[in-house]
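# Generate a structure from the sequence data that follows.
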Amino acid sequence: MPTTSQKLIAELIGTFWLVFGGTGSAVLAAAFPDVGIGLLGVSFAFGLTVLTMAYAVGPISGGHFNPAVTLGLWAGGKFPASGIGGYIAAQLVGGILASAALYLIVSGRPDFALQLGGLASNGFGEHSPGKFNFLSGAVTEVLLTAGFLIVILGATARRAAPGFAPIAIGLALTLIHLISIPVTNTSVNPARSTGPALFEGGLALSQLWFFWVFPIVGALIAGFAWRALLAERD
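The predicted structure follows:
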């Protein structure tokens, strides 16, 4: 049985990998035309980070790597309230360390100047990649986070085929990014949004609250709905 400290370390490592791998692919690989992984590549990078760490450290902590997932699993009756604070703190540390590491790498370019979006921050309105407004961003983050939680709760249910949950969850996150990168640069994860915003500051930081509120709203809706309508009954 993993200890509490082992669980928190696993969440920190998993969230670091998610934020560094996902935003790193956007900042380092997608930004250069001769490499050109584009939207499809970045979407798969995010999905692969969750898939790989869900197998690596998921058996230790459950593989949340996301405050919205932790709260959604609590709402769905799959996680104790007593563990929420520690998990979210570990996830935030992991996300911030990932952005710090990415900043150290990108600042090594001779022409480096940190600009808005330079660490793949999330945004709406002026800061949206496609200039989508507040309502478009809010609906996108709520719906896609809710869908993500439904996949997680279903794939990890006792009646689901064992061993395949990380694949379903990773592919779900890939799909989410394929849909929403043009809208908000895809959050569905407050820890993923916090690291880049803290380093970029300005508009990214002023909009950070948005990427806490709406992913969590979506996760709670999905968790409570699952518990009421779809959960297994003993």
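# For the rest of this, base every contact and every neighbour count on C-alpha atoms.
Noted.
# Need the phi and psi values for the most centrally placed residue in the chain.
Against the mean C-alpha coordinate of the chain, by Cα atoms, centre = their mean, the closest residue is residue 189 at 3.6 Å. Torsion angles at residue 189 (phi, psi; degrees, to the nearest 10) stand at phi -160, psi 100.
# how close does it get to residue 118?
Applying Cα to Cα, to the nearest Å, the value for residue 189 to residue 118 is 18 Å.
# hang on, the earlier thing: chain neighbours aside, what residue packs nearest to the residue nearest to the centre of the chain?
Distances taken as Cα to Cα, 6 or more residues apart in numbering place residue 66 nearest to residue 189, at 5.3 Å, with adjacent residues excluded.
# Verify the stated contact: that neighbour with residue 17.
No. Counting by Cα atoms under 8 Å, residue 66 does not reach residue 17; the two are 11.8 Å apart.
# what helices or strands is the host helix or strand of residue 197 leaning on?
Assigned by DSSP states H and E, residue 197 falls within helix 190-200. Using 3 or more Cα pairs under 8 Å, 6 or more residues apart in numbering; DSSP states H and E as the contact test, the elements touching helix 190-200 are helix 4-24, helix 67-75, helix 84-106, helix 202-206, helix 210-225.
# For it, buried residues please.
Of the residues in helix 190-200, 190, 191, 192, 193, 194, 195, 196, 197, 198, 199, 200 count as buried by neighbour count, 16 or more other Cα atoms under 10 Å.
# likewise stretch 221-231?
Of the residues in stretch 221-231, 221, 222, 223, 224, 225, 226, 227, 231 count as buried by neighbour count, 16+ other Cα under 10 Å.
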